[in-house]
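# From the sequence below, what's the structure:
(chains A, B, C and D)
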There are 4 protein chains.
Amino acid sequence: MSEQVRADVLLRLRKVSGQVAGITRMVEDDRYCVDVLQQLSAVTSAVEAVSKVVVRNYLERCVTDAINGGDPLIYDELMRVVFKHR
Amino acid sequence: MSEQVRADVLLRLRKVSGQVAGITRMVEDDRYCVDVLQQLSAVTSAVEAVSKVVVRNYLERCVTDAINGGDPLIYDELMRVVFKHR
Amino acid sequence: MSEQVRADVLLRLRKVSGQVAGITRMVEDDRYCVDVLQQLSAVTSAVEAVSKVVVRNYLERCVTDAINGGDPLIYDELMRVVFKHR
Amino acid sequence: MSEQVRADVLLRLRKVSGQVAGITRMVEDDRYCVDVLQQLSAVTSAVEAVSKVVVRNYLERCVTDAINGGDPLIYDELMRVVFKHR
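Below is the predicted model:
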């Protein structure tokens, strides 16, 4: 990863940690289930946003190098990435 | 939430925090993108597992009380939970 | 299902059939892959919209009757429905 | 698409149409909601299976040609495919 991408990903991960800590407090405070569920969904969305940054980097670097190098194995790996995130 | 459910949820949230910290280290160590993506997917699955515990509690308590009490508003809320706030 | 819900679901299913027929023509006409993928995503969204109508009916009728009747088995079934659609 | 891929996709689309027709009959026969929902989920899975065939073809042909040709625009398109037009 480039320094810029790495910094972006690390910042986003720190935010995810903060969200999880926030949900912990909600549960300790016996907050309503649906509010907790909403925040859990927000964590899932935040994690997907991290994945997007990592996938973009993966496509522009690893996949590009592999295709330019004529590596036939990249397609199986790429299919796993694509259908893990659809 | 019952004490037992709360304890279960809090334990799971601690594990999610640990997973996120682990991914942070992977990114700092410049690990391969696909390995990072795999761990991000594991976090998403762990968060979904937390949601399952919360939803079960929500169905057995809040939804049951509301339906037994004839509260018509519960269905809109339940639909948001089912279709994950979409 | 009430007549109204049934009519709604049947109309939506007819539209889904039409969408699938449309994609068939696109593939026969050798249309660009990404256009075909976009229409396949539209079918998935249309099928989810059908599910929403059916789930709402299920919650208001079957789940309500089961909870009012004190049937403990409804919660396992309801969890399967909830986590199939999240 | 190659003839072989096209034939595969068209066969799968015919099966999807058959599944949708089957659900229509279930609704007309007033079958239990959960059974209908199960078949709707099967349609979603079948459509995803069609997408997999189309995506593989797209990666091996369109994406490979674009990357080998140094086309920078392919990455935005590929991200939309990966994250399913979200």
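
# got the residue ranges for the helices in chain A?
Counting by DSSP state H, chain A has helices at residues A:3-28, A:33-58, A:64-68, A:74-85.

# Residue numbers of chain A in contact with chain B?
Listed as neighbours of chain B in chain A under the rule CB under 8 Å from any CB of the partner chain: A:1, A:6, A:9-10, A:13-14, A:16-17, A:20-21, A:23-24, A:27-28, A:30, A:32-34, A:36-38, A:40-41, A:43-44, A:47-48, A:50-51, A:54-55, A:57-58, A:61-62, A:77, A:80-81, A:84-85. The C-beta positions use only the backbone N, C-alpha and C, and glycine is treated the same way.

# Report the buried residues of the least confident helix or strand in chain A by mean pLDDT.
Within chain A, confidence by mean pLDDT, DSSP states H and E is lowest for helix A:74-85 among all helices and strands, at a mean of 90. By 16 or more other CB atoms under 10 Å in any protein chain shown, the buried positions in helix A:74-85 come out as A:Ile74, A:Tyr75, A:Leu78, A:Val81, A:Val82, A:Lys84, A:His85.

# returning to what we had before: need the buried ones from the residues of chain A next to chain B selected in ChimeraX.
Those of the residues of chain A next to chain B that count as buried under 16+ other CB under 10 Å are selected in ChimeraX with:
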select /A:1,9,13,16,17,20,23,24,27,33,34,36,37,38,40,41,43,44,47,48,50,51,54,55,57,58,62,81,84,85
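
# circling back: quickly check: the least confident helix or strand of chain A near chain D or not.
Yes: figure legend: helix A:74-85 in contact with chain D (CB under 8 Å from any CB); contacting residues A:Tyr75, A:Leu78, A:Met79, A:Val81, A:Val82, A:Phe83, A:His85.

# Let me know the closest of those to chain C.
Each of the residues of helix A:74-85 next to chain D was checked against chain C using CB to the nearest CB; the closest is A:Val82, at 10.5 Å.

# Distance of the closest residue to the closest one other than its chain neighbours relative to chain B?
Closest residue in space to A:Val82, ignoring its immediate chain neighbours: D:Val82 at 5.1 Å, by CB to CB, 6 or more residues apart in numbering or on different chains. In this structure, D:Val82 and chain B are 11 Å apart, going by CB to the nearest CB, to the nearest Å.

# can you check A:Asn68 too?
A:Asn68 sits 17 Å away from chain B, going by CB to the nearest CB.

# wait, A:Ala66 sits on A:Glu60?
No: the pair A:Ala66 and A:Glu60 does not pass the contact test of CB atoms under 8 Å, sitting 11.8 Å apart.

# quick one on the thing from earlier: wait, which of the helices of chain A is closest to C:Gly70?
Nearest to C:Gly70, of all the helices of chain A, is helix A:33-58, at 21.4 Å by CB to CB.

# Next, see if the closest one gets close to chain C.
No: applying CB under 8 Å from any CB, one finds that helix A:33-58 is not in contact with chain C, the shortest distance being 8.7 Å.

# if we can go back for a sec, need the residues that contact the least confident helix or strand of chain A.
Applying CB atoms under 8 Å, 6 or more residues apart in numbering or on different chains, the set of residues contacting helix A:74-85 from outside is A:48, A:51, A:55, A:58, A:62-63, A:66-67, B:34, B:37, B:41, D:48, D:52, D:55-56, D:59-60, D:81-84.

# residue contacts, A:Thr44?
Residues counted as contacts of A:Thr44 (CB under 8 Å, 6+ apart) are B:Thr44, B:Val47, B:Glu48.

# in chain A, which ranges drop under the pLDDT threshold?
Flagging of chain A using pLDDT under 70 yields the residue ranges A:85-86.

# Quick check: residues of it near chain D?
Within chain A, the positions lying close to chain D (CB under 8 Å from any CB) are A:48, A:52, A:55-56, A:59-60, A:63-64, A:67-68, A:75, A:78-79, A:81-83, A:85-86.

# show me what contacts the residue nearest to A:Thr24 when sequence neighbours are not counted?
Residue nearest to A:Thr24 in three dimensions, not counting chain neighbours: B:Leu13, with 4.9 Å by CB to CB, 6+ apart. When contacts are counted by CB under 8 Å, 6+ apart, B:Leu13 is found next to A:Val20, A:Ile23, A:Thr24, A:Val27, B:Val50.

# Correct me if wrong: the first one contacts B:Gly18.
The reference is to A:Val20. No: the pair A:Val20 / B:Gly18 is not scored as a contact, 9.9 Å apart, by CB under 8 Å.

# Apart from its chain neighbours, what residue comes closest to A:Gln19?
The spatial neighbour of A:Gln19 that comes closest, neighbours along the chain excluded (CB to CB, 6+ apart), is A:Val43 at 5.0 Å.

# That neighbour is in contact with B:Val47, isn't it?
Yes: the pair A:Val43 / B:Val47 is scored as a contact, 5.3 Å apart, by CB under 8 Å.

# between these two, what contacts are shared?
Shared contacts of A:Val43 and B:Val47, defined by CB under 8 Å, 6+ apart, are found at B:Val16.

# one step back: what's near enough to touch the residue nearest to A:Gln19?
Contacts for A:Val43 were tallied using CB under 8 Å, 6+ apart; they are A:Val16, A:Gln19, A:Val20, A:Ile23, B:Val16, B:Val47.
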